[in-house]
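*Asks:* just the structure for this:
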Amino acid sequence: VEQAKSSQSDVQKFQSLVDNGQLYKVRIQSNVNDPSSPKVMASIPACLLLAANFHEIFRIHVDQHGNIRSLWYQAAGSKCSADAKIRKDSVQLVTSVSVDMDSKGPKLAMEPVPREEKEKQAAKEPEAPSIFGFFRKYWLYIIGGMLLLQMLGGEED
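*Replies:* Here you go, the predicted model:
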């Protein structure tokens, strides 16, 4: 792996990002073999990368075909200083990368039924009113009424 040093122009551009409180953005192709594939992008405040002394951490999530699905990007620093300045003319990034590969999900035992089909089947089969539904809904009132009648019942002889 070869790491190129940044030019004076790049250092000045980066310092401009820090001074203006802007984001440092990274982009990569979702399919490295296809230059026309959509890009995956992540960003952090530029001052965090400077505070971390240019130590950056990437976590790349790929699918089973090797296409990049997401990109997680973080700097080792956690706080920005108000007057942060780059101390050198050239900056060298220290990059850590980890790659997570998604596995195929479990195979379903049955084919899923679309919601429209379930709704059509439910519309075809009318539900018969059930007496148990009435008791299930009003059981507390029924028992309470029976207890009240029992307590208010007639006089004892």
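*Asks:* show me the shaky parts of the chain.
*Replies:* Counting by pLDDT under 70, the chain contains low-confidence residues at 1-4, 89-90, 104-113, 125-132, 154-157.
*Asks:* which residue ranges of it form strands?
*Replies:* Secondary structure of the chain (DSSP state E): strands at 23-29, 39-45, 55-62, 68-75, 94-101.
*Asks:* what's the second one in contact with?
*Replies:* It stands for strand 39-45. Outside strand 39-45, the residues that touch it by CB atoms under 8 Å, 6 or more residues apart in numbering are 21-30, 68-75, 80. Glycine gets a C-beta too; all of them are placed from N, C-alpha and C.
*Asks:* that strand pairs with which strands?
*Replies:* Strand 39-45 has its sheet partners listed here by DSSP bridges as strand 23-29 (antiparallel).
*Asks:* for the last one, same thing?
*Replies:* According to DSSP bridges, strand 94-101 has the following sheet partners: strand 55-62 (parallel).
*Asks:* got it, and the fourth one?
*Replies:* Partner strands and pairing direction for strand 68-75 (DSSP bridges) are strand 55-62 (antiparallel).
*Asks:* shouldn't Cys47 be in contact with Cys80?
*Replies:* Yes. Cys47 is within contact range of Cys80, at 3.5 Å (criterion: CB atoms under 8 Å).
*Asks:* of those two, give the one with the bigger neighbour count.
*Replies:* Neighbours per residue (other CB atoms under 10 Å) separate Cys47 from Cys80, with Cys47 holding more: 22 against 15.
*Asks:* list the contacts for the more buried one?
*Replies:* Val18, Gly21, Cys80, Ser81, Ala84.
*Asks:* out of everything not next to it in sequence, what's closest to the residue positioned nearest the centre of the chain?
*Replies:* Nearest residue to the geometric centre of the chain (CA atoms, centre = their mean): Ser70, 9.8 Å. In this structure, Ser70 finds its nearest non-sequential neighbour in His61, 4.4 Å apart by CB to CB, 6 or more residues apart in numbering.
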